[in-house]
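Undergrad: after the sequence you'll find the predicted model.
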Amino acid sequence: MALVIKKAAVAGSGAMGCGIAQIFAQAGLEVVLFDVNETQLAKAKTEINKNLDFAVSKQKISQVEADVAMAKITYTTDIAGLKADLVIEAIVELLEPKQQLFKQLATINSSETIFATNTSSIPVTRIAKDVLNPERVVGMHFFNPAHLMKLVEVITGAETLPEVAQTIKDLAMQIGKTPVMCKDSPGFIVNRVARHYYVESLKILEENLATTETIDSLMESAGFKMGPFKLMDFVGNDINFAVTTSLFNSFHNEAKFRPSRIQQQKVDAGHLGKKTGKGFYNYGK
């Protein structure tokens, strides 16, 4: 039997955590948004307010609905505030910090609290390892921007209870998303398939066969909404590189997932894309 989620907590107030908190609040849930960085938390509040104002201007929601959603969100830098029916992490794409977070939260939450990970590439089973009551750990993978993109992958780890996965599927539908159920595997469905959209484009660039502009134009003319380099800049080269590296490691260094030296250089230089003003393109910041 699926559980009822009335209160959700989101760990991490970056682009993904910010969007997830917003859609939970718009669906009527009480939401706690946590971040260790107070400046980032304030930025997230501004961003959520801006998103809701835009939705009002487009007559997608009323001003009253926007105000109610804003009032549903509490912002905190105190990890002790992460107590809820559901805690979803949207932190750095590294295994150990995700494991440590859930292990810490297990000591302050009920044994029935569901821990969901928004990881885009790390197997849920690995994240759940050594977490108290690992059967309540599940994948709930949103896509960027989370408040607009409809798809949500619901990932069942080796120990995830069926009713936990069903609860997350039901919640995804409640907040207006389209859930897809899948079993645990590196990259799940979307990132495993889509990884080569980036990797092969980067190989073409490495071999000097075409420029970023040419590759993007060709892919967009073939029907893709954004070319691979524009999309990497939009997502963030640091995040995109981390996901590719995670899949490369998870598939035991299989060559087709090899991270690009060019993208690594972008990350090392801090050219992360739109958020820093420079990536494969310049954005004038």
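TA: In hand now; what should we look at?
Undergrad: now do the helices in the stretch 51-200 of the chain.
TA: Using DSSP state H, counting those that start in this stretch, the helices of the stretch 51-200 of the chain run over 63-71, 95-106, 124-128, 162-174, 190-206.
Undergrad: buried ones in the last one?
TA: Of the residues in helix 190-206, those scored as buried under the neighbour-count criterion (16 or more other Cβ atoms under 10 Å) are 191-192, 195, 198-199, 201-202, 204-205. Using the backbone N, CA and C atoms, a C-beta is placed for each residue, glycine as well.
Undergrad: rewinding a little: which stretch among the helices of the stretch 51-200 of the chain comes nearest residue 149?
TA: For the helices of the stretch 51-200 of the chain, proximity to residue 149 was assessed by Cβ to Cβ; helix 190-206 is nearest, at 10.5 Å.
Undergrad: quick one: list the elements packing against that closest one.
TA: Applying 3 or more Cβ pairs under 8 Å, 6 or more residues apart in numbering; DSSP states H and E, we find helix 190-206 packed against helix 212-221, helix 228-235, helix 237-250, helix 261-269.
Undergrad: okay, these in JSON lines with mean pLDDT, mean neighbour count and distance to residue 184 next?
TA: Converted to JSON lines, those look like this (pLDDT from 0 to 100; neighbours: other Cβ atoms under 10 Å; distance: least, Cβ to Cβ, whole Å):
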{"stretch": "helix 212-221", "mean pLDDT": "97", "mean neighbour count": "16", "distance to residue 184": "30"}
{"stretch": "helix 228-235", "mean pLDDT": "95", "mean neighbour count": "23", "distance to residue 184": "23"}
{"stretch": "helix 237-250", "mean pLDDT": "93", "mean neighbour count": "22", "distance to residue 184": "11"}
{"stretch": "helix 261-269", "mean pLDDT": "97", "mean neighbour count": "15", "distance to residue 184": "26"}
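Undergrad: residue 93 is in contact with residue 14, correct?
TA: No - contact status for residue 14 versus residue 93: not in contact, 10.8 Å apart, counting by Cβ atoms under 8 Å.
Undergrad: returning to that earlier point: can you redo the helices and strands packed on helix 190-206 as JSON lines with distance to residue 38?
TA: Formatted as JSON lines, these follow (distance: least, Cβ to Cβ, whole Å):
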{"stretch": "helix 212-221", "distance to residue 38": "36"}
{"stretch": "helix 228-235", "distance to residue 38": "25"}
{"stretch": "helix 237-250", "distance to residue 38": "22"}
{"stretch": "helix 261-269", "distance to residue 38": "26"}
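Undergrad: quick one: closest of the ones you listed to residue 151.
TA: helix 228-235 (14.9 Å).
Undergrad: now do the closest one and helix 261-269, the angle between them.
TA: If you take axes from the mean of the first three to the mean of the last three Cα atoms, to 10 degrees, helix 228-235 sits at 30 degrees to helix 261-269.
Undergrad: which residues are contacting helix 228-235?
TA: 144, 197-198, 201-202, 205, 212, 215-216, 219, 226, 240, 263, 273-274, 279-281, 283 (Cβ atoms under 8 Å, 6 or more residues apart in numbering).
Undergrad: what do you get for stretch 269-280?
TA: 212, 229-230, 232-238, 266, 283-285.
Undergrad: for that stretch, which positions count as buried?
TA: Going by 16+ other Cβ under 10 Å, stretch 269-280 has these buried residues: 271-273, 275-276, 278-280.
Undergrad: which of the residues you listed has the weakest pLDDT?
TA: Ranked by pLDDT, these bottom out at residue 275, which scores 91.
Undergrad: quick one: that one from residue 15, how far?
TA: Going from residue 275 to residue 15 by Cβ to Cβ, to the nearest Å gives 8 Å.
Undergrad: distance of residue 30 from residue 226?
TA: Applying Cβ to Cβ, the value for residue 30 to residue 226 is 35 Å.
Undergrad: that should have said residue 241, apologies.
TA: 18 Å.
Undergrad: ditto for residue 5
TA: Residue 5 sits 33 Å away from residue 226, going by Cβ to Cβ.
Undergrad: having no further points to raise, I will conclude here.
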